[in-house]
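1. Give the three-dimensional model of this entry:
(4 chains)
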Protein chains: 2
Amino acid sequence: MYKERVRALPQNGSSPTLEEVAKLAGVSRATASRVFTASPKVSPRAKRAVERAAEKLRYVPNRAARTLVTGRTDSIGLVIPEPTAFLFGDPFFPRLVRGISEVLSRRLVQLVLLMPQSAGDETRLEGYLSAGHVDGVLMVSLHGNDPLPDRLHERGTLVVLGGRPGASSAVSYVDVDNVGGARSAVEHLIAMGRRRIATITGPLDMGAGVDRLQGYHDALVKAGLNGDASMHQPGDFGQESGAAAMQALLDRHPDLDAVFCASDVMAAGALDTLRRQRKRVPQDIAVVGFDDSTIATSTAPTLSSVRQPIEEMGREMARLLLAGLDSGTAGGKRVILVTELVVRASSGKGVRE
Amino acid sequence: MYKERVRALPQNGSSPTLEEVAKLAGVSRATASRVFTASPKVSPRAKRAVERAAEKLRYVPNRAARTLVTGRTDSIGLVIPEPTAFLFGDPFFPRLVRGISEVLSRRLVQLVLLMPQSAGDETRLEGYLSAGHVDGVLMVSLHGNDPLPDRLHERGTLVVLGGRPGASSAVSYVDVDNVGGARSAVEHLIAMGRRRIATITGPLDMGAGVDRLQGYHDALVKAGLNGDASMHQPGDFGQESGAAAMQALLDRHPDLDAVFCASDVMAAGALDTLRRQRKRVPQDIAVVGFDDSTIATSTAPTLSSVRQPIEEMGREMARLLLAGLDSGTAGGKRVILVTELVVRASSGKGVRE
DNA sequence: CAATTGCGAGAGAGCGCTCTCGCGGCCGGA
DNA sequence: TCCGGCCGCGAGAGCGCTCTCTCGCAATTG
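-> Numbers count the residues shown, from 1 in each chain, chains lettered A, B, ... in the order given. Next up, the predicted model:
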């Protein structure tokens, strides 16, 4: 670790303190502090003097000192425990971040993104987050029963999840209606006359993966159709996994007439495989994705998809966290956002039978 | 802003202090502190007592307090001032982050990603960074003459840039040999017999954009070929801009026989346009990209590209920053990494003339 | 056996800030 | 003119930690 040398750096070593600003402005430290905390009880005269002095000294309040006394950092962490390649490849995250940023910007709260890449990283991260570096934590893309949210919650850190946690938990979360969305997608396929409908699921250690499979099932059962395990093939939400899963499904069931994919990116992969196999979409096989991400309109044919309000999910997560911070309540809230089926060419009225 | 209520939260309100741990362990605060700072001067007996007490109380050191006295936060910021859609869409960033993380993980330093989305965000960010939230700052994807790095540097914050800054500056940076890489790409095209070589440049407010254009120019001039302004078309490194730029170039010069693209993603866009225009690659037009990202091997035909060691760039940035922190020196270092041309089908020996 | 060394441990001083408390001056009302 | 009230300000305590200084005790040495 770098040592006490740091202290001698111009970095913090020479940076001016409130005391110096106060002296230069000819007021007490308390009054100078009032100026920076936007306290109303300061005369315009004193305020101006302090501001001029601060400008002259290029003063910036020391956050550590402020945090130490207020117990507040004015920043919140967004934790995404995904390999970087996934994090940056998936169109889900930018939209989520946009929603979150929107809300936080208005509150002058800094968003910091944290990307644990290994178990070691995650341990360190737990320390970082419980040590008061952030006022609260947003977390998405949980796999399995990641214990981090619950442990943070127990420690008293405010946590809001995106996507329901695996096990029941006291932590607040925002989720979309994955079951309902998947069900509507499959019901649509059935309504279009499809009968041999497979699914490429998401990771089954994630709520979104499980729930979308559930919705698929519900619709098939209601219609009295077959949706046994041979009709499922898991993917990891990535394009290649979609292509591979599609191939596996075709190997098992060459007569499929539809496939529901738990993400658009996997659906794009599935389309690649179908093209390679000379299957016409939607004539031979109809495809529906999930997310309604930008990729849905750039595939050939364009992709029917279940739209989920990802930006809104981000906004709602941020709102929930800020509300918890404001009220001092610990959570246990859950918000479910509705989804909406968007029908495009990949499941359109194909020239079928 | 959320107010003093926060203080009453279990969050920090009830979290145990070093004092309490020391009392429970039957030692002084100083000795307890020694245990957590891994100081050697503590007996095994005392160490165990403190560790047990800490475990029992679920003690986590308060970082703000520690930072206040050490002047150190053990975390560094990575600033990427790009719209989220770009940040997450570009294969450059995950590779960079991977390289950075690799180095930082070994040093128990936390990486926090900061993504200013607007001028307001950036102002706030400057405050955040100068206020001592991080020990140092890594910054990439600078546009124009972004004043942030210089201002942070002036304030005494250690900054390392990825990619050279627009204007001359005292800030340290790591860059790849963009000029040399571009030159070798174009020299290769010339060696393959191409004579009417256009370029799709990157944003000309970025060092990488300017330098790759420069390399293109150098090679053409050396060979006595035409590379006037009508042969350039700027893009933004994104796929769509590549497609549009290719179209613009073809409109002006239907007889082009090669194009050098300043990024693989733009090259992929260019390939889309060429396909739509029924131009054969490489027979009619040879294409070379830049980055040698994963997309280069998944296009049809596969893409010749200039490989830049992005992970290494991340590692080197992190190393430079840590070295600066360790030594207390402020910077002014520059590291240039070599590039390497990778020839694939898009510029292969086409059936030409 | 006395003198010296060395090592573990405690006391205490801050790091830079916020916030409570109390004081003095100025206002308006009687 | 006098007095209560309010408002702006300063004094001072302390947030939780690290680190220096010092001390006491045991081991080592002449």
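2. In contact with A:R196, which residues are there?
-> A:226, A:253, A:255-258 (C-beta atoms under 8 Å, 6 or more residues apart in numbering or on different chains). C-beta coordinates here come from the backbone N, C-alpha and C atoms, glycine included.
3. Now the buried members of these.
-> Neighbour counting over those (16 or more other C-beta atoms under 10 Å in any protein chain shown) leaves A:256-258 as the buried ones.
4. any idea of the mean pLDDT for stretch A:133-149?
-> Taken as a whole, stretch A:133-149 carries a mean pLDDT of 91.
5. does that stretch come close to DNA strand C?
-> No - applying C-beta under 7 Å from any atom of the strand, one finds stretch A:133-149 separated from DNA strand C by no less than 13.9 Å.
6. Of all residues in chain A, which one is nearest the centre?
-> Most central in chain A under C-alpha atoms, centre = their mean is A:V140, positioned 4.3 Å from the mean C-alpha point.
7. So what does that residue have for phi and psi?
-> Per-residue torsions, A:V140: phi -130, psi 170 (degrees, to the nearest 10).
8. partner residues bridging it?
-> Judged by DSSP bridges, the bridge partners of A:V140 are A:G162.
9. Over to A:A198?
-> A:V259.
10. and it, what is it in contact with?
-> A:231-233, A:249, A:253, A:256, A:258-260.
11. In a markdown table, list those residues along with distance to B:P81.
-> Below are these laid out as a markdown table (distance: C-beta to C-beta, whole Å):
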| residue | distance to B:P81 |
| --- | --- |
| A:M231 | 46 |
| A:H232 | 43 |
| A:Q233 | 41 |
| A:L249 | 43 |
| A:H253 | 49 |
| A:L256 | 46 |
| A:A258 | 44 |
| A:V259 | 40 |
| A:F260 | 39 |
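12. sorry, back to before: could you double-check that the residue nearest to the centre of chain A sits in contact with A:L96?
-> Yes - the pair A:V140 / A:L96 is scored as a contact, 6.4 Å apart, by C-beta atoms under 8 Å.
13. what residues are shared contacts of those two?
-> A:G162.
14. Contacts only, for A:E102.
-> A:311, A:314-315, A:318.
15. One more: A:L341?
-> Counting by C-beta under 8 Å, 6+ apart, A:L341 has contacts A:181, A:184-185, A:188, A:288, A:304-307.
16. quick one on the thing from earlier: which of the contacts of A:R196 sits closest to chain B?
-> Distance to chain B, by C-beta to the nearest C-beta, is smallest for A:L256 among the contacts of A:R196, at 25.5 Å.
17. Specify the residue ranges that define each domain of chain A.
-> A:5-61, A:75-175+A:310-336, A:178-308+A:341-347 (automatic domain parsing).
18. I'd say A:G163 and A:S169 touch.
-> No - counting by C-beta under 8 Å, A:G163 does not reach A:S169; the two are 11.9 Å apart.
19. Between the two, which is the more surrounded one?
-> More neighbours surround A:G163 than the other of A:G163 and A:S169, with 21 against 18 (other C-beta atoms under 10 Å in any protein chain shown).
20. and that one, what pLDDT?
-> So, for A:G163, pLDDT stands at 93.
21. do the same with the one 4 residues further on
-> What the model reports for A:A167 is a pLDDT of 76.
22. Please apply the same query to A:R95.
-> According to the prediction, A:R95 has pLDDT 92.
23. show me what contacts it?
-> Contacts of A:R95 by C-beta under 8 Å, 6+ apart are A:293, A:310-311, A:314, B:84.
24. picking that back up, tell me which of the contacts of A:L341 fall in strands.
-> Counted as lying in strands by DSSP state E, out of the contacts of A:L341, are A:288, A:304-307.
25. ok, A:L18 - how many residues close by?
-> A:L18 has 20 neighbours, counted by other C-beta under 10 Å.
26. One more: the one 4 residues further on?
-> Using other C-beta under 10 Å, A:A22 has 21 neighbouring residues.
27. Same question for the one 5 residues further on.
-> A:V27 sits with 22 neighbouring residues when counted by other C-beta under 10 Å.
28. State the distance from it to B:E312.
-> Per C-beta to C-beta, to the nearest Å, A:V27 is found 52 Å from B:E312.
29. Next: A:A185.
-> In terms of C-beta to C-beta, A:A185 sits 44 Å off from B:E312.
30. go on, A:G215?
-> A:G215 is 45 Å from B:E312, by C-beta to C-beta.
31. so A:V342 makes contact with A:A296?
-> Yes - using C-beta under 8 Å, A:V342 is in contact with A:A296, at 7.5 Å.
32. These two: which is more packed in?
-> The neighbour count for A:V342 versus A:A296, taken as other C-beta under 10 Å, is higher for A:A296 (25 against 17).
33. Who are the contact partners of the closest residue to that one other than its chain neighbours?
-> Once flanking residues are discounted, A:A296 sits nearest to A:L303: 4.1 Å by C-beta to C-beta, 6 or more residues apart in numbering or on different chains. A:L303 sits next to A:264, A:267-268, A:271, A:287-289, A:295-297, A:344-346 when contact means C-beta under 8 Å, 6+ apart.
34. All good on my end, thank you.
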